[in-house]
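> Output the structure for:
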Amino acid sequence: MSDKTFTLEDLTGFDGCDGRPAYIAVDGVVYDATGSKLWRGGNHVRAHDAGRELSREIGMAPHPRDRLERLPRVGLLAAAPAAPVVPPPEPVPAFARLAHALHAHPASVHFPIALCAVAALLHAGGRILGMAALETAALINLAIGLASAPVAILSGLLDWRYHYGGRLSRLFAWKLGLSSLLLALGASALGLRLGGVGPAFDALVALHLPVVLALGFVGGRITFPAP
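Below is the predicted model:
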């Protein structure tokens, strides 16, 4: 490892943008992430930027801390000069750490997404084939999907708040909006179903499929950023 010492100001010049190297500092050690596919363009999973001190963020990462040892060490981070007293960073609540460690959002989000998509397909099949059993199965899937959606949304909000810093980027705005739309569609469809099946109910159930596909796409872009 190089004995070069970097200040926080020095580190900002290694942000991985416009061909510059991508350096990150964790626990006083500066690592070179330039060659990592996970840090292309100086950004990791659209949440962490190179050229910064990331010890707190790494503490919330879903992978072990020793994963950093795969990156070359290029120096040490100099002790920061004394600064005005500022309030300490907001601690991550134990329940948020536990939910993140158990991957609560990835585990729970599959239920409403899959069940609502299946409900749309079953209902369409039932209407086309004239099979009431398929329509009943669609209704059951839709009801269970709607009931499980709040758990998935809550776990997602916890991840967004504490793992991604609560930054309302374009992708997160889309995800929040589409999640709300999915809930509204499900609640409206079930409300209409109490009065009987009709064209409005058919349309609301069918709309679940494109919304679910859009949610899956946005979630995929957050978890697996485009190169």
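
> Let's test this: name the helix or strand in the chain with the lowest mean pLDDT.
Least confident helix or strand of the chain, by mean pLDDT, DSSP states H and E, is helix 55-59 with a mean of 74.

> which secondary structure elements does that one contact?
Where contact means 3 or more C-beta pairs under 8 Å, 6 or more residues apart in numbering; DSSP states H and E, helix 55-59 is packed against strand 23-26. Yep, even glycine has a C-beta here, placed from its N, CA and C like the rest.

> The helix or strand following the strand it packs on - what's its average pLDDT?
Counting by DSSP states H and E, the element after strand 23-26 in chain order, helix or strand, is strand 29-32. Across strand 29-32, the average pLDDT comes to 91.

> partner strands of strand 29-32, parallel or antiparallel?
strand 23-26 (antiparallel), strand 73-77 (antiparallel) (DSSP bridges).

> Among the ones you listed, single out whichever gets nearest to Thr136.
Thr136 lies closest, by C-beta to C-beta, to one member of the strands paired with strand 29-32: strand 23-26, at 53.9 Å.

> Which residues does that closest one contact?
Strand 23-26 is contacted from outside by 6, 8, 11, 14, 30-34, 39, 48, 50-55, 58, 65, 68, 74, 77, using C-beta atoms under 8 Å, 6 or more residues apart in numbering.

> just the buried members of those residues?
Buried members of the contacts of strand 23-26, counted by 16 or more other C-beta atoms under 10 Å: 6, 11, 14, 30-34, 39, 48, 50-54, 68, 74, 77.

> so where's the longest helix in this structure?
As assigned by DSSP state H, the longest helix anywhere in the chain is helix 132-162.

> Mind jotting down where the strands sit in the protein?
5-6, 23-26, 29-32, 43-44, 48-49, 52-53, 73-77 (DSSP state E).

> Can you say which of the strands paired with strand 29-32 is packed in most?
The highest average neighbour count among these, using mean count of other C-beta atoms under 10 Å, belongs to strand 23-26 at a mean of 25.
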